[in-house]
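Student: Structural data only, the sequence is not supplied:
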């Protein structure tokens, strides 16, 4: 048994018994750990927000070889992102980002760039507008970091740069892209492919300054949702709640309905 000091962000928090919490933590070094914090919900010394979803905490815990869950010795709050969590919309963002990140990462693997992605996103969103662009932006960035999506945009058949073509389509459920020279394409999806390329290479803050049609953002989001569900067998209910709330908050009236998969 060894005593380990670490920093991490809470991806999942479950209450146990009367006062205990079972946490799934993504550490600064990129590893997922399961931590048991005993008595925190009734503790007078340890802040209860140190067991709150989306909080960054510092902790010491006992690491037992062969154990799946480690017992915490000390815990303190490092960053709560209080401003982001102060609104219902911001709270939904935290729930959605943590849920998807937790479902797409695995114990025993290393994800340091994912830790940086999620903490940077929360820090920026604490100060910036929460726009519907966030939905496809976070999903694609996470998929790319995990090696589940490519930053290269070439035809899956001829392997030529897709942006040299007049027409292109992206296959539902695979993210494979084909040009009009290799496939018969009735309705080109070149514009949404350009948006996905922009998301892969530009920050959320920069894209917010560009005049991107909401319908295009929603199409990109739907493409990624179908890929995550059909190819990765992952469903994220928190993102569905966030999507509906953002739809209610947007000033534009968009005649769009998410199709059943």
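Tutor: Yep, it's here. This one's a predicted model, so the numbers in the text were calculated from it and none came from an experiment.
Student: Show the low-confidence segments of the stretch 51-200 of the chain, by residue range.
Tutor: Scanning the stretch 51-200 of the chain for pLDDT under 70 picks out no residues.
Student: Tell me which stretches of it form helices.
Tutor: With helices called from DSSP state H, counting those that start in this stretch, the stretch 51-200 of the chain shows them at 82-85, 88-104, 112-125, 134-145, 190-201.
Student: Same list (those helices) but as TSV, adding mean neighbour count and distance to residue 240.
Tutor: All C-beta atoms are positioned from the backbone trio N, CA, C, and that covers glycine. Compiled in TSV, the helices of the stretch 51-200 of the chain are given as follows (neighbours: other CB atoms under 10 Å; distance: least, CB to CB, whole Å):
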stretch	mean neighbour count	distance to residue 240
helix 82-85	17	20
helix 88-104	20	9
helix 112-125	18	19
helix 134-145	22	10
helix 190-201	18	20
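Student: Which among the ones you listed is found nearest to residue 13?
Tutor: Ranking these by proximity to residue 13 (CB to CB) places helix 88-104 first, at 9.0 Å.
Student: Which elements pack onto that closest one?
Tutor: Counting contacts by 3 or more CB pairs under 8 Å, 6 or more residues apart in numbering; DSSP states H and E, helix 88-104 is packed against strand 2-16, strand 20-27, helix 82-85, helix 112-125, helix 134-145, helix 237-249.
Student: of all these, which lies closest to residue 189?
Tutor: So among these, helix 134-145 is nearest, using CB to CB, at 13.7 Å.
Student: Can you tell me what sits against the closest one?
Tutor: 93, 97, 100-101, 104, 111, 113-114, 117, 121, 125, 149-151, 195-196, 199-200, 204, 207, 217, 220-221, 223-225, 227-228, 239, 242-243, 246 (CB atoms under 8 Å, 6 or more residues apart in numbering).
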